[in-house]
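In: sequence and predicted structure, then a few things I'm wondering about:
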Amino acid sequence: MVAYSFKAMFAPQVSGLVKRQTVRAERKRHARPSEPIQLYQGMRTIHCRKLVDRDPICNRVRSIEIAISDLMPVAIVSMAIEGIPLHREEIELFCRADGFAPSCVFDFGLKGETARENMGLFWLQNHGVGRFQGVLIEWEPA
C-alpha cells in the first residue's frame, strides 16, 4: 500500500474528499490503479494524522509536466497531462481540483485571484522556476 502526506493547507480538502488528486515527483513506487492509498498530514512527524478513515482507491496515474516562470503573474506558463497541453480554462479547473481555489487557501498566505495564481505561487515557493515532470495520482472514495 502507498501513502501520501499533505501540507496542513490541504488537509481539510483531502479529508472532505474535495481534493482527489495529487501531483508528485517520480519515485520508486507510486500507487497503481485499483490499489488503496493512505492519505496523511505530517507523515514521519509526531503530529502525523490520517486524513481519510476508509482508504480511497487509486483510479488513475498519469504523467504531468508543469512549466513555471517568475516572469508571469500566474507563474504557471504551461501544463500538459500525458503529453496533451491544457488550455487556459483547463489549467484553472485543474488548479481548483488540486486544492488551490482562492476560497480554500486564503488562510495560508496564498492570495491570488485565481486558482492558477495560487498554484503558481505555491510552486515557485516550493519548487522554483523551471520544468517539473512527475505524476498525477487520482483517487475515488472507497
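Out: Sure, I can see it. Numbers count the residues shown, from 1 in each chain.
In: quick one, helices of this structure?
Out: Secondary structure of the chain, counting by DSSP state H: helices at 11-15, 88-97, 102-105, 115-127.
In: mean pLDDT, mean neighbour count and distance to residue 39 for the ones you listed - can I get that in CSV?
Out: Every residue, glycine included, has its C-beta placed from N, CA and C. Output for the helices of the chain, formatted as CSV (pLDDT from 0 to 100; neighbours: other CB atoms under 10 Å; distance: least, CB to CB, whole Å):
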stretch, mean pLDDT, mean neighbour count, distance to residue 39
helix 11-15, 96, 18, 5
helix 88-97, 97, 17, 15
helix 102-105, 84, 16, 16
helix 115-127, 93, 20, 18
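In: to residue 25, which of those lies closest?
Out: For residue 25, the closest of those is helix 115-127, at 9.0 Å, according to CB to CB.
In: give me the angle between the closest one and helix 88-97.
Out: With axes from the mean of the first three to the mean of the last three CA atoms, to 10 degrees defining the directions, helix 115-127 sits at 60 degrees from helix 88-97.
In: lowest-confidence helix or strand of this structure?
Out: Least confident helix or strand of the chain, by mean pLDDT, DSSP states H and E, is helix 102-105 with a mean of 84.
In: so which elements touch that one?
Out: helix 115-127 (3 or more CB pairs under 8 Å, 6 or more residues apart in numbering; DSSP states H and E).
In: what's next to the helix it packs on, contact-wise?
Out: Contacts to helix 115-127, defined as CB atoms under 8 Å, 6 or more residues apart in numbering, come from residues 66, 68, 70, 72-76, 91-92, 95-96, 98, 100-102, 105, 110-112, 132.
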